[in-house]
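> below are the sequence and a predicted model; questions follow.
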Amino acid sequence: MSGYQDEEKKALEDIRRWDEESVVYFSNRRKPLRERNVVKTFLRICGIEFTNDEVKSCGEDPPDVLFREARFEVVDLLDKDRERHRQFKERAVKNKAATSLAEVCHDLHEEPDERFPLEFPELLGRIEQLIDKKHKKLKSRKDRVVDFGTLDLLIYVSLENHHVVPPLRLDCPSQFLTKVRGQGWRSVSFFMNVWAGVILSKVDAPNFIKNLKGRPIFVQDAQVASSLWEN
């Protein structure tokens with residue numbers, strides 16, 4: 001076997017191992033780990049220093065994750081009909097059957113043919129729909145009454161088919177803010193790629209959240225950006 005064939009074999013093995021790890025990571029049993037990683041990434045974008053033991057899963061959901069005085073309820077905003085676990089399982093099956101690196105690289109690394117721009121008001125509309133859905137789900141629980149006034153909603157925006165044009169300010173329509181306040185959330189934050197924002201924070205919200213309200217927060221340093229999702 002030539003040196004190139006050895007390298008190709010190792011690359012195929014690495015890709016398949018990555019696929020297997022991704023299938024496990026996006027399974028239901030790894031949901032607490034994913035939620036903690038979402039919170040850590042949000043904190044890094046916002047420049048909040050922390051230790052890993054400060055970010056911990058809550059034994060009783062909601063909230064999902066505890067960080068100091070924050071009680072994060074984590075929810076993902078995905079493209080319509082996207083199921084990440086199924087997506088990675090299908091990719092793993094395909095790449096396991098591949099006989100050469102050329103068969104997997106195209107599917108594994110290629111960006112979508114086109115990413116459509118999504119202005120902030122459109123993103124906010126999707127966020128509003130997601131918040132409504134989450135609020136309805138929690139409110140309909142039969143096992144306990146959820147105190148929304150103690151929850152800090154954190155939305156991870158993971159869109160494959162769109163890129164969002166960050167605004168200069170996070171100006172939200174009064175109708176949106178009135179509705180979200182009326183639902184009772186203590187705060188509502190989101191992040192996407194290397195920027196984040198706080199769109200609602202009540203007076204009793206954690207101070208670090210209140211201090212970030214109203215403006216987009218960006219990661220400018222490339223080295224920091226590359227390590228946002230470290231465990």
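Alright, I've got the coordinates.

> use CA for all of it now, contacts and neighbours both
Fine.

> what is the burial count for Arg202?
Careful, residue 202 is Lys; it's not Arg. By other CA atoms under 10 Å, 16 other residues sit near Lys202.

> contacting residues for the nearest residue to it once chain neighbours are set aside?
Leaving aside its chain neighbours, Lys202 sits nearest to Arg186 (5.5 Å; criterion: CA to CA, 6 or more residues apart in numbering). With contact taken as CA atoms under 8 Å, 6 or more residues apart in numbering, Arg186 is in contact with Phe148, Gly149, Thr150, Leu151, Asp152, Leu153, Leu200, Ser201, Lys202, Asp204, Ala205.

> so how far is Arg71 from the fourth one?
Right, the one you point to is Leu151. Distance, Leu151 to Arg71, by CA to CA, to the nearest Å: 5 Å.

> residues that sit against both of those two, list them.
When CA under 8 Å, 6+ apart defines a contact, the residues bordering Leu151 and Arg71 alike are Pro63.

> max-length strand in this structure?
The single longest strand within the chain, with elements called by DSSP state E, is strand 70-78.

> show residues contacting that strand.
When contacts are defined by CA under 8 Å, 6+ apart, strand 70-78 is touched by residues 35, 38-39, 62-66, 126-127, 130, 150-160, 205-206.

> and the residues you listed, which of them are in strands?
Reading strands off these with DSSP E, I get Val65, Leu66, Asp152, Leu153, Leu154, Ile155, Tyr156, Val157, Ser158.

> out of those, which is nearest to Arg30?
The shortest approach to Arg30 among the ones in strands among the contacts of strand 70-78 belongs to Val65, at 13.6 Å (CA to CA).

> so what's the residue count around that closest one?
27.

> now do the contacts for it.
By CA under 8 Å, 6+ apart, the contact list for Val65 reads Glu35, Arg36, Val39, Val55, Lys56, Ser57, Cys58, Arg71, Phe72, Glu73, Val74.

> re earlier: just the buried residues of the contacts of strand 70-78.
Among the contacts of strand 70-78, those scoring as buried are 35, 38-39, 62-66, 126-127, 130, 150-157, 159, 205-206 (criterion: 16 or more other CA atoms under 10 Å).

> how close does Phe229 sit to Arg34?
Residue 229: Trp, not Phe. Using CA to CA, we find Trp229 at a distance of 10 Å from Arg34.

> for the most centrally placed residue in the chain, give me its contacts.
Geometric centre of the chain, nearest residue: Tyr156, 2.8 Å, by CA atoms, centre = their mean. The neighbourhood of Tyr156, defined by CA under 8 Å, 6+ apart, consists of Val38, Val74, Val75, Asp76, Leu77, Phe190, Phe191, Met192.

> pull the number of nearby residues for the spatially closest residue to it that is not a sequence neighbour.
Nearest in space to Tyr156, with sequence neighbours left out and distances taken as CA to CA, 6+ apart, is Asp76 at 4.7 Å. The number of residues packed around Asp76, counting by other CA under 10 Å, is 16.

> which pLDDT value goes with Asp76?
In this prediction, Asp76 carries a pLDDT score of 91.

> try Glu35
91.

> thought it was touching Pro62?
No - counting by CA atoms under 8 Å, Pro62 is not a contact partner of Glu35; they are 12.0 Å apart.

> least confident secondary structure element in this protein?
Taking mean pLDDT, DSSP states H and E as the measure, the chain has helix 101-109 as its least confident helix or strand, at a mean of 57.

> so what touches the helix or strand following that helix?
Sequence-wise, the next helix or strand downstream of helix 101-109 (DSSP states H and E) is strand 116-119. By CA under 8 Å, 6+ apart, the list of residues contacting strand 116-119 from outside reads Asn161, His162, His163, Val164, Val165, Pro166.
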